[in-house]
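Participant: need a 3D model of the sequence below.
(3 chains)
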Amino acid sequence: MVPDVPHYWLHPRDIPEARAAQAEMAARLVAEDDLPPRIARLGGADVSNTRFDPAKMVHAALVALDASADAVLATATESRRADFPYVPGYLAFREVPPLLACWSRLAVRPEVILVDGHGVAHPRGFGVACHLGLVFGVPTIGVAKSLLVGEGEPGPEPGDTVPLMWKGARIGTALRTRRGARPVYVSTGHRVSLETAVAIVLGATRGRRLPTAIRAAHDAANVARLRT
DNA sequence: GCGACAG
DNA sequence: ATCTTGTCGC
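Facilitator: Next up is the predicted model:
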């Protein structure tokens, strides 16, 4: 899953093997709904990094929340050395491995996971949310705080949306989740339609910019980092 | 050739 | 991603 070549730390802009792997996996993505009509357990995934860390530690967190009450049902974290650098377009090769360790220990299986990063709103249509969905075999949704590719500015009211467009095609939805806050970019990960994805994200927002599940994962990842 | 570039 | 206090606004 991760191209094991140390020199990638030195040539972080073009990674042929990783690009080929993305293309191969992207062909297996399912863009239609394949999840329960009512979500009972919502997952959240995020990874925290340490600034100026020679050890290159990454702290991954996966959480499962009760979709209606936002109560945390389960949490799993994994701290380890990153074996891949951060390279725009190849984030999954850095974050998925530690998240997979979390997944194997998470006591509660969420029906869909909100991932902090893009899904198909990606240069090759295969962002970290897609990668995670395929590897876990679970529906996933990409929720990014900034753009990697494409453009789209939604209206000012919570719930306002506008198609996220790139090269003449729709790759996601720019969604205003809160007044006065920058929009979030929702895109399909795996086994979910864009329409359902936006509805789930909006329904999990609770007046904040980011869904509770992602905030919980972010918090858990930070706890793991500060504890180490 | 010059920028842009999830976390 | 992370470094960080106060401060503006509902």
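Participant: for A:Asp53, give me phi and psi.
Facilitator: Dihedral pair for A:Asp53: phi -100, psi 110, per degrees, to the nearest 10.
Participant: correct me, but A:Leu164 touches A:Glu153?
Facilitator: No: assessed by Cβ atoms under 8 Å, A:Leu164 is found out of contact with A:Glu153, at 9.9 Å. Every C-beta, even on glycine, is put in place using the N, C-alpha and C of the backbone.
Participant: run through chain A and note the low-pLDDT ranges.
Facilitator: A:2-8, A:10-12 (pLDDT under 70).
Participant: which bits of it sit near DNA strand B?
Facilitator: A:13, A:46-47, A:49, A:86, A:88-92, A:116-118, A:122, A:127-129, A:142, A:144-148 (Cβ under 7 Å from any atom of the strand).
Participant: A:Leu164 and A:Glu153: who's more crowded?
Facilitator: A:Leu164 (28 against 12; other Cβ atoms under 10 Å).
Participant: that one should be in a strand, yeah?
Facilitator: Yes: assessed by DSSP: H, G, I helix; E, B strand; the rest coil, A:Leu164 belongs to a strand.
Participant: count the neighbours of A:Pro37 for me.
Facilitator: When neighbours are defined as other Cβ under 10 Å, A:Pro37 has 6 of them.
Participant: how about the one 10 residues further on?
Facilitator: A count of neighbours around A:Val47, defined by other Cβ under 10 Å, yields 29.
Participant: tell me what it is bridged to.
Facilitator: A:Ala60 (DSSP bridges).
Participant: give me the common contacts of A:Leu164 and A:Glu153.
Facilitator: Applying Cβ atoms under 8 Å, 6 or more residues apart in numbering, one finds that A:Leu164 and A:Glu153 are jointly contacted by A:Ala174.
Participant: rewinding a little: buried subset of the residues of chain A next to DNA strand B?
Facilitator: A:46-47, A:89-92, A:116-118, A:122, A:127-129, A:142, A:144, A:147-148 (16 or more other Cβ atoms under 10 Å).
Participant: next SSE after the helix or strand containing A:Glu95?
Facilitator: A:Glu95 belongs to helix A:91-105 when elements are defined using DSSP states H and E. Sequence order places strand A:112-116 as the next helix or strand after helix A:91-105, per DSSP H and E.
Participant: and the residue nearest to A:Ala197 when sequence neighbours are not counted, what does it touch?
Facilitator: Counting by Cβ to Cβ, 6 or more residues apart in numbering, A:Ala197 lies nearest to A:Ile141, which is 4.4 Å off, once chain neighbours are set aside. A:Ile141 makes contacts with A:112-115, A:119, A:129, A:186-189, A:192, A:197, A:200-201, as judged by Cβ under 8 Å, 6+ apart.
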